[in-house]
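Undergrad: need a structure here:
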Amino acid sequence: MVGDRLRFSVLVLSVLLLIPGCRRAGEEVGELDRLAGPATDKSSSGHGFLEIYERFFSPLRHSATKICEIGISEGASLLLWEKYFPKAIIHGIDILDRSNLESKRIKTFKADQSNRLQLLHFIKRYGSGYDFILDDGGHAMDQQQISVGFLFPYVKPGGYYIIEDLHTSLPHLFSSLHEAAGGADSTLTMLNRFIASREIESPYMTIQEMRYLKQNIEFIVLFQRNIPNPSITGIIKKKKAGG
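TA: Next up is the predicted model:
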């Protein structure tokens, strides 16, 4: 069943990429990957996610003003977004202090992504209106679902929330990141359920968070690449104002 839904999601993604607006006319896909080089595992030398991100991010390249990524590591992704989006302030959230990476357009914040109070402190400091928020943090089911449930309201209308490395939802590969037996708490299952029924069910979200997601998600697409194990990312589009 999950496999069928994944194939359906990838088919939807293939159709969406043909729609005008997913990238600028005449722009070749590959610039984002070229700028990244091998420093980030999002690139073609790793998970290969940048090829798909560029199709969504290209129309935002010269208009994006505010971006956030959860999970900083050595800062390669923050530097990539700084180069690709010339007008954007780049925010990074990490459980460790990464303030040594700060610059005029890169701002870091120490927080546990599964702690709503700490996420609230981030929002109080830096505000709302993110062109996209990308979760490349701890990859555990509670971390992914609490983060999207709490932070999705702060994505600007028409923006994106991305949950990276959804292959950690596969319990036979990453059982330590699940709290429920057999992967019943899987983030991938949660997203596929929305694709199939437009319902959001999560053991880690509040009722209010689930209701907001249900009412404000325009679409979800999933992208899987086998290299050789599954490498999966999910892109969630927020409805435009009045949508």
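Undergrad: quick one: the strands in this structure?
TA: 66-70, 89-94, 106-110, 130-135, 155-163, 217-226, 230-238 (DSSP state E).
Undergrad: partner strands of the fifth one, with direction?
TA: Read it as strand 155-163. According to DSSP bridges, strand 155-163 forms sheet pairs with strand 130-135 (parallel), strand 230-238 (antiparallel).
Undergrad: got a list of contacts for the last one?
TA: When contacts are taken as C-beta atoms under 8 Å, 6 or more residues apart in numbering, the neighbours of strand 230-238 outside the stretch itself are 6, 13, 47-49, 52-53, 56, 148, 152, 155-167, 169-170, 173, 188, 191, 216-225. Any C-beta I mention is one placed from the backbone N, CA and C, and that applies to glycine too.
Undergrad: centre-most residue in this structure?
TA: By C-alpha atoms, centre = their mean, the mean C-alpha position of the chain lies nearest to residue 162, the distance being 1.5 Å.
Undergrad: so for it, what's the pLDDT?
TA: Predicted confidence (pLDDT) for residue 162: 98.
Undergrad: do the same with the one 4 residues further on
TA: The per-residue pLDDT reported for residue 166 equals 93.
Undergrad: is it true that it touches residue 187?
TA: Yes: here residue 166 reaches residue 187: they are 6.1 Å apart, a contact under C-beta atoms under 8 Å.
Undergrad: which one's more surrounded, those two?
TA: Neighbours per residue (other C-beta atoms under 10 Å) separate residue 166 from residue 187, with residue 187 holding more: 28 against 24.
Undergrad: please report the distance of the closest residue to that one other than its chain neighbours from residue 65.
TA: Closest residue to residue 187 in three dimensions, ignoring its sequence neighbours and counting by C-beta to C-beta, 6 or more residues apart in numbering: residue 144, at 4.6 Å. As defined by C-beta to C-beta, to the nearest Å, residue 144 lies at a distance of 26 Å from residue 65.
Undergrad: next: residue 218.
TA: If you measure residue 218 against residue 65 using C-beta to C-beta, the figure is 21 Å.
Undergrad: flag the shaky bits of the protein, pLDDT-wise.
TA: Scanning the chain for pLDDT under 70 picks out the ranges 1-29, 174, 176, 181, 243.
Undergrad: and with 50 instead?
TA: Per-residue confidence of the chain (counting by pLDDT under 50) places the weak regions at 1-21, 23, 25-26.
Undergrad: what comes up buried for stretch 126-145?
TA: Within stretch 126-145, the residues that qualify as buried by neighbour count (16 or more other C-beta atoms under 10 Å) are 126, 130-145.
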